[in-house]
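Enquirer: Mind folding the following:
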Amino acid sequence: MKSIGIIGVGEIGRAIVTGLHHGGDAAPEVFLSPRGARTAAELSERHEGVHVCADNQEVVDRSEIVALAVRREQWREALAGVHVGGDRIVVNVMAGVGNDELSETLGTGAALVRAIPLPTIRERRSVTVVHPSHPEVNSFFARLGRALPVADEAAFDVLSALTGTLTTHYAYLATLASWATRHGIAPDDADRYVRGLFEGVGCSLGDESRSLDRLAADHETPNGNNERIRTTWFDPANARALTTALDGLLAHLKPPRRS
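Expert: As a prediction, the model looks like this:
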């Protein structure tokens, strides 16, 4: 692959560009839309071979793979009048926008692939869900961590909903640090300890020989501190509330299906 274009240069667009240059490896040419002008200009100044285009059509014309990373409520406006040739590969990273809807709007025969790159793509550690499987797209995301093709759009939507829990996790950690501070721990020390505590836990997730349930059990002793918090705070009612929230998000994310 010689070139990639990104329309919508927000956090994910920035992370993709950063990931392509992570470690100083040779990277393909990157063409950025003028949307998110400040971020696009910053990336162009920082990395060789990153260019800011005059408009979205130029991004498409100069790229073999085009990633669409526009916000859900803005994508129709951003792509209005843009022609995508059948020889292009379009990577749709817009949550809640299905390929059927996108194909109809673009009126193109180009290959369309949905993807969920995570912020860790900047360090080439993202497990990126893709649908449908496409060899060039799979290879692209494998370079930036790992590609996880799924069989259908329903499965894709389920995994997309899970990404909605990321900031909740950070808020949970912030609550732990705030609790420690209220009990006399200096804020910097509380923050540093919570980060270290969960960085260590995160490393254990790399051990795929143990299930998540097994990892939980291995970190818990009978009648110990972890069991006490799990059973008194993360009780069945709490678990049901979480699954209900995820069900609601899933319903929101499902794109319209063609009849």
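Enquirer: okay, now the domains of the protein?
Expert: 3-151, 164-253 (automatic domain parsing).
Enquirer: which one of those domains lies closest to residue 158?
Expert: Taking C-beta to C-beta, domain 164-253 is the member of the domains of the chain nearest to residue 158, at 6.4 Å. Just so you know, the C-beta spots here come from the backbone N, C-alpha and C atoms, and that holds for glycine as well.
Enquirer: give me the low-pLDDT residue ranges for the chain?
Expert: By pLDDT under 70, the low-scoring segments of the chain are 1, 255-259.
Enquirer: and the residue sitting furthest away from the middle of it, which of the three is it?
Expert: Relative to the centre of the chain, and counting by C-alpha atoms, centre = their mean, the farthest-placed residue is residue 223 at 37.6 Å. Using DSSP: H, G, I helix; E, B strand; the rest coil, the structure places residue 223 in coil.
Enquirer: quick one: residue 98 and residue 152 touch, right?
Expert: No. Counting by C-beta atoms under 8 Å, residue 98 stays clear of residue 152, with 11.6 Å between them.
Enquirer: mind listing the strands for the stretch 101-250 of the chain?
Expert: All strands of the stretch 101-250 of the chain, identified by DSSP state E, counting those that start in this stretch, fall at 111-116, 126-131, 145-149.
Enquirer: and those strands as CSV, adding distance to residue 4 and mean neighbour count?
Expert: Shown next, in CSV, are the strands of the stretch 101-250 of the chain (distance: least, C-beta to C-beta, whole Å; neighbours: other C-beta atoms under 10 Å):
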stretch, distance to residue 4, mean neighbour count
strand 111-116, 12, 23
strand 126-131, 14, 22
strand 145-149, 15, 18
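Enquirer: and of those, who's closest to residue 137?
Expert: strand 111-116 (4.6 Å).
Enquirer: Endpoints of stretch 197-214, how far apart?
Expert: 19 Å (C-alpha to C-alpha, to the nearest Å).
Enquirer: Distance check, residue 134 against residue 65.
Expert: Separation of residue 134 from residue 65 (C-beta to C-beta, to the nearest Å): 10 Å.
Enquirer: Give me the common contacts of these two.
Expert: residue 89 (C-beta atoms under 8 Å, 6 or more residues apart in numbering).
Enquirer: I'd like the distance between residue 200 and residue 104.
Expert: 48 Å.
Enquirer: between these two, who's got more neighbours?
Expert: residue 104 (12 against 9; other C-beta atoms under 10 Å).
Enquirer: Surely residue 76 and residue 105 touch.
Expert: Yes. With contacts counted by C-beta under 8 Å, residue 76 reaches residue 105, the gap being 6.4 Å.
Enquirer: Find the centremost residue of the protein, please.
Expert: Mean-position check on the chain, C-alpha atoms, centre = their mean. Result residue 118 at 2.5 Å.
Enquirer: for the closest residue to residue 155 other than its chain neighbours, what are its contacts?
Expert: If the residues on either side of it in the chain are set aside, residue 155 comes closest to residue 131, at 7.3 Å by C-beta to C-beta, 6 or more residues apart in numbering. Residue 131 makes contact with 113, 114, 149, 150, 151, 152, 153, 155, 156, according to C-beta under 8 Å, 6+ apart.
Enquirer: And the host helix or strand of residue 4, what's buried?
Expert: For residue 4, the host element (DSSP states H and E) is strand 3-7. Residues of strand 3-7 classed as buried: 3, 4, 5, 6, 7 (neighbour count, 16 or more other C-beta atoms under 10 Å).
Enquirer: just those now: which is nearest residue 188?
Expert: residue 6 (36.8 Å).
Enquirer: and the gap between that closest one and residue 53?
Expert: Relative to residue 53, and taking C-beta to C-beta, residue 6 is found at 10 Å.
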